[in-house]
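Novice: Model the following, please.
(one chain, ligands or ions: 1)
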Amino acid sequence: METETLDIKITKTAKSRVHDQDVNNVPFGKVFSDHMFVAEFENGKWSKAYIEPYREIPMSYALAALHYGQAIFEGMKAYKDVNGHVSLFRPQNNFHRLNKSAIRMAMPEVPEELFFGALTELLKLDSEWVPTGDTGSLYIRPFMISTDEAIGVRPSDTYKFIVISCPAGKYYSEPVRVLIEHNYIRAVHGGVGFVKAAGNYGRSLYPTKLAMEKGFQQVIWTDAETHTFVEESGTMNLMFLIGDTIITPALSDTILDGITRNSVLAVAKDWGYKIEERKISIAEIVEAHKKGTLNEAFGTGTAATIAHISAIGLDDVVMELPSVEKRAFSPKVDEYLRNLRKGIENDKFGWMYKIC
Ligand SMILES: Cc1ncc(COP(=O)(O)O)c(C=O)c1O
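Specialist: I've put the predicted structure just below:
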């Protein structure tokens, strides 16, 4: 595939919408910033790249992505630090993960300069859309879809790589109650659980809806073969503090390699915590709860950073966990990452990518 540098043609909006609302308080995911980035792939190469005012996609009802699911995405955030500078958190990791998804879904890889050019130019134009509050950020959604207008199962010849963004406050502010799911599955070995393919999320909605009807906000997915080992929860990786050891399911092709997971583990290691990345059985969690050593359970992900788990349901039993105030690790790492992104904490890991 040719990767010559593409110029990004920029058409600015005639009138910004940023002052039509309070970006620190808009509902998440519904209000989009002024501009979007689009790159078009055809004849075996990325041939056009442009930024223009946010708009809808004109499309054919035969659009390949709608029928055969060649659709992948990333989720990342831009933060405004205490001095008003805008930075991204570990965007290189999102870039690599996007291309891992692209390869698995038989889609073209996005060249590095296109990915970073898109983010830099968009954020320069839309920097006023980045919320300023303690937990505020601009959520950025890079995604790629197949765009052939043809019925027939095969890789598309044409694609669009698009980046849109929307202001975000804190995602899950309250601790969550999660239900262990051992009937439906999220991912199988040899499947696509380790990438961000749109279909992974569609398939999760029905089991999650059933869990919600039982009073939980999310499910904990278990392994497809035996339903005895926990894997992930919603759009989060899982961690448990049992005794004084942080235990998290080891990465595999059924688990997404979360950037927050990796960051939390790096900070925990730096702080001298014992860490175990390995299989965790439901029985081990139940046992630890019985013994009173299940001190913390939480999810990690870009959306919430840390989502404290207040209760874990298993069939008809509910295991209540210690209150967040009693937790030694997860609130501390949450605050550390928040301060790092706001420029209050020294960026000793070199994770912040400055834009403007
Ligand atoms: C299935 C799944 N697991 C885990 C995560 C957490 O990944 P990250 O920390 O990179 O946001 C996400 C969110 O992207 C996800 O969709």
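
Novice: Burial check on the residue in the stretch 101-250 of the chain that the ligand sits nearest to, number of neighbours?
Specialist: Nearest to the ligand in the stretch 101-250 of the chain, going by C-beta to the nearest ligand atom, is residue 235, at a distance of 3.6 Å. From N, CA and C alone the C-beta is placed, and that goes for glycine too. Using other C-beta atoms under 10 Å, residue 235 has 20 other residues around it.

Novice: Need the nearest residue in space to it, chain neighbours excluded.
Specialist: Take residue 235 and drop its neighbours on the chain: the residue closest to it by C-beta to C-beta, 6 or more residues apart in numbering is residue 301, 5.3 Å away.

Novice: bridging residues for the one you found?
Specialist: On the basis of DSSP bridges, residue 301 is bridged to residue 305.

Novice: how many neighbours does it have?
Specialist: Residue 301, neighbours per other C-beta under 10 Å, totals 22.

Novice: can you list the residues of the stretch 201-350 of the chain near the ligand?
Specialist: 232, 235-237, 256, 258-261, 300-302 (C-beta under 6 Å from any ligand atom).

Novice: Can you add pLDDT and secondary structure and give the residues you listed back as TSV?
Specialist: Listed next are those as TSV, based on pLDDT from 0 to 100; DSSP: H, G, I helix; E, B strand; the rest coil:
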residue	pLDDT	secondary structure
232	98	strand
235	93	coil
236	97	strand
237	98	strand
256	98	coil
258	98	coil
259	98	helix
260	98	helix
261	98	helix
300	98	strand
301	96	strand
302	95	coil
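
Novice: List the residues that contact the closest residue to residue 314 other than its chain neighbours.
Specialist: Nearest non-adjacent residue to residue 314, counting by C-beta to C-beta, 6+ apart: residue 180, 4.8 Å away. Contacts for residue 180 were tallied using C-beta atoms under 8 Å, 6 or more residues apart in numbering; they are 219-220, 222, 230, 282, 312-314.

Novice: Can you list the strands that the host helix or strand of residue 180 pairs with?
Specialist: Assigned by DSSP states H and E, residue 180 falls within strand 176-181. Strand 176-181 sits in its sheet next to strand 218-222 (parallel), strand 305-314 (parallel), going by DSSP bridges.

Novice: So that strand, near the ligand or not?
Specialist: No: counting by C-beta under 6 Å from any ligand atom, no contacts exist between strand 176-181 and the ligand, the nearest distance being 13.3 Å.

Novice: So what's the gap between the helix or strand following that strand and the chain middle?
Specialist: Counting by DSSP H and E, the next helix or strand C-terminal to strand 176-181 is helix 198-202. Between the centre of helix 198-202 and the centre of its chain there are 13 Å (C-alpha atoms, centre = their mean, to the nearest Å).

Novice: Which elements pack onto helix 198-202?
Specialist: In this structure, helix 198-202 packs against strand 71-73, with contacts taken as 3 or more C-beta pairs under 8 Å, 6 or more residues apart in numbering; DSSP states H and E.

Novice: quick check, the strand it packs on touching the ligand?
Specialist: No: using C-beta under 6 Å from any ligand atom, strand 71-73 stays clear of the ligand, coming no nearer than 8.8 Å.

Novice: what's the burial count for the closest residue to residue 187 other than its chain neighbours?
Specialist: The spatially closest residue to residue 187, leaving aside those adjacent along the chain, is residue 193, at 2.4 Å (C-beta to C-beta, 6+ apart). When neighbours are defined as other C-beta under 10 Å, residue 193 has 21 of them.

Novice: Can you verify my assumption that residue 193 contacts residue 255?
Specialist: Yes: contact criterion C-beta atoms under 8 Å: residue 193 and residue 255 qualify, at 6.3 Å.

Novice: what's the overlap in contacts for those two?
Specialist: 187, 231.

Novice: What is the neighbour count of the closest residue to residue 23 other than its chain neighbours?
Specialist: Spatial nearest neighbour of residue 23, excluding adjacent residues (C-beta to C-beta, 6+ apart): residue 167 at 4.2 Å. Counted with other C-beta under 10 Å, the neighbours of residue 167 add up to 26.

Novice: No more questions from me, cheers.
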